[in-house]
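**Student:** This is a predicted model, with the sequence first.
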Amino acid sequence: SLDQSVIVRVAAIICDAPARSFVKQIKKVNAYQGCERCDIIGVFIDKVIYVGDGHRARKDDAFNLPLDGEHRVGVSPFAACKLGLISNFPLDPLHLVYLGEVKKLIGMWFRNRRSKTSGLVYPPVLTTSTVEEVSRRLLSLNAYLPAEFSQRGRILQEFRQFILYLGIVIRKDTLPSSHWKKFLLLFTAGRYLSCPRLCVSNIGYAKQLLRLFVRKFQVLYGKEQMVYNVHSIMHIADDVQRYGPLDSFSSFPFESYLSKFRKMLQLYIRWIGVA
């Protein structure tokens, strides 16, 4: 009945970085103080980048202070709900890790890169022969994938499967040693942070791996590649420590449901056309 009260407890607000900047009323990811988790100040090298680690962590209490204009740009409506605007807004693994870092990393292996500061062109990490070998391994693995793995064509799931399962098989002996070792840092950290049994006992080690991965990323690919996603991946282990494995606060279920909304809209449009 309408006179009943229902108690709702919000565990987390899950959304991607542009949505978080809007609802939290903070600077966007391309701003000089766009990092949500630490007070690092970006520098401009063709775009805003974030170099270094060990900066002071942002706290929920900071959102009770007057606006500083540097990171916060307004008063979030969630502030009145007594929610922690840091602790209750986890970084989304789907957009940060899989569609962000993993997609960027794979692209750098296959494409030429031109430095806009020096003008130098860096060749792809993978040669033509290694690309053919990678393709052959992918095709051979398809016959052995379990039913729990998504079918080919669902790109969101494919990036996740690559970094958590298939990448270590496909990339072995196809990457140069320096790139292979760096990839293993991300792969191992991802495995620990995705496992309900291992994420708690190995959280400290996973943080170290991610921090080392970010440092090595700068050495291999240059400062100008140290964008928001690369920097922020260091912070996602803090959310695993708070909420559990990556899948427990990922936007995958909501992203997957979008297809149902699209079908509903298509049916509605057809119905309007008939009417």
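**Tutor:** Right, received. Where do you want to start?

**Student:** Only C-alpha atoms from now on, for both contacts and neighbour counts.
**Tutor:** Noted.

**Student:** how about Leu139, secondary structure?
**Tutor:** helix (DSSP: H, G, I helix; E, B strand; the rest coil).

**Student:** Tell me where the stretch 151-275 of the chain has helices.
**Tutor:** Ranges of helices in the stretch 151-275 of the chain, per DSSP state H, counting those that start in this stretch, are 155-161, 167-170, 177-194, 203-221, 228-232, 236-243, 252-274.

**Student:** Need the phi and psi values for Cys15.
**Tutor:** According to degrees, to the nearest 10, the main-chain angles of Cys15 amount to phi -160, psi 170.

**Student:** Give me the distance between it and Cys195.
**Tutor:** 22 Å (C-alpha to C-alpha, to the nearest Å).

**Student:** With neighbour numbers in mind, choose between those two.
**Tutor:** Between Cys15 and Cys195, Cys15 has the larger neighbour count (other C-alpha atoms under 10 Å), namely 20 against 14.

**Student:** Just the pLDDT for the more buried one.
**Tutor:** Cys15 is assigned 92 on the pLDDT scale.

**Student:** ok, now which ones touch it?
**Tutor:** 91-92, 251 (C-alpha atoms under 8 Å, 6 or more residues apart in numbering).

**Student:** again, only using 10 Å
**Tutor:** 21, 23, 89-92, 94-95, 249-251, 254 (C-alpha atoms under 10 Å, 6 or more residues apart in numbering).

**Student:** thinking again about what came up before, any chance of a markdown table for the helices of the stretch 151-275 of the chain, columns distance to Leu105?
**Tutor:** Formatted as a markdown table, those follow (distance: least, C-alpha to C-alpha, whole Å):
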| stretch | distance to Leu105 |
| --- | --- |
| helix 155-161 | 11 |
| helix 167-170 | 12 |
| helix 177-194 | 9 |
| helix 203-221 | 9 |
| helix 228-232 | 10 |
| helix 236-243 | 18 |
| helix 252-274 | 21 |
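
**Student:** For Tyr50, find the nearest of those helices.
**Tutor:** helix 228-232 (6.3 Å; C-alpha to C-alpha).

**Student:** now for that closest one, which elements pack on it?
**Tutor:** strand 48-49, helix 103-110, helix 203-221 (3 or more C-alpha pairs under 10 Å, 6 or more residues apart in numbering; DSSP states H and E).

**Student:** quick one, which of the helices of the stretch 151-275 of the chain is packed in tightest?
**Tutor:** The highest mean neighbour count among the helices of the stretch 151-275 of the chain, using mean count of other C-alpha atoms under 10 Å, belongs to helix 228-232: a mean of 23.

**Student:** Could you list the residues in contact with that helix?
**Tutor:** Counting by C-alpha under 10 Å, 6+ apart, helix 228-232 makes contact with 17, 28-31, 34-38, 40, 42, 48-53, 91, 95-97, 99-102, 104-105, 210-211, 213-215, 217-218, 225-226, all of which sit outside it.

**Student:** Just the buried residues out of these, in PyMOL syntax.
**Tutor:** Applying 16 or more other C-alpha atoms under 10 Å to the contacts of helix 228-232, the buried members can be selected in PyMOL as follows:
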select buried, resi 17+28+29+30+31+34+35+36+37+38+40+42+48+49+50+51+91+95+96+97+99+100+101+102+210+211+213+214+215+217+218+225+226
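
**Student:** Assign the spatially most central residue of the chain to helix, strand or coil.
**Tutor:** Centroid-nearest residue in the chain: Leu96, 1.3 Å away (criterion: C-alpha atoms, centre = their mean). When classified by three-state DSSP, Leu96 comes out as helix.

**Student:** Assess the claim that it and Ile233 are in contact.
**Tutor:** Yes - here Leu96 reaches Ile233: they are 7.0 Å apart, a contact under C-alpha atoms under 10 Å.

**Student:** who touches both of these two?
**Tutor:** By C-alpha under 10 Å, 6+ apart, no residue touches both Leu96 and Ile233.

**Student:** I figured Ile13 hits Leu83, correct?
**Tutor:** Yes - if you go by C-alpha under 10 Å, Ile13 and Leu83 touch, sitting 9.4 Å apart.

**Student:** Where does pLDDT dip in the stretch 1-150 of the chain?
**Tutor:** Applying pLDDT under 70 to the stretch 1-150 of the chain flags residues 1, 114-121, 150.

**Student:** which residues in it form strands?
**Tutor:** 43-44, 48-49, 113-114, 121-122 (DSSP state E, counting those that start in this stretch).
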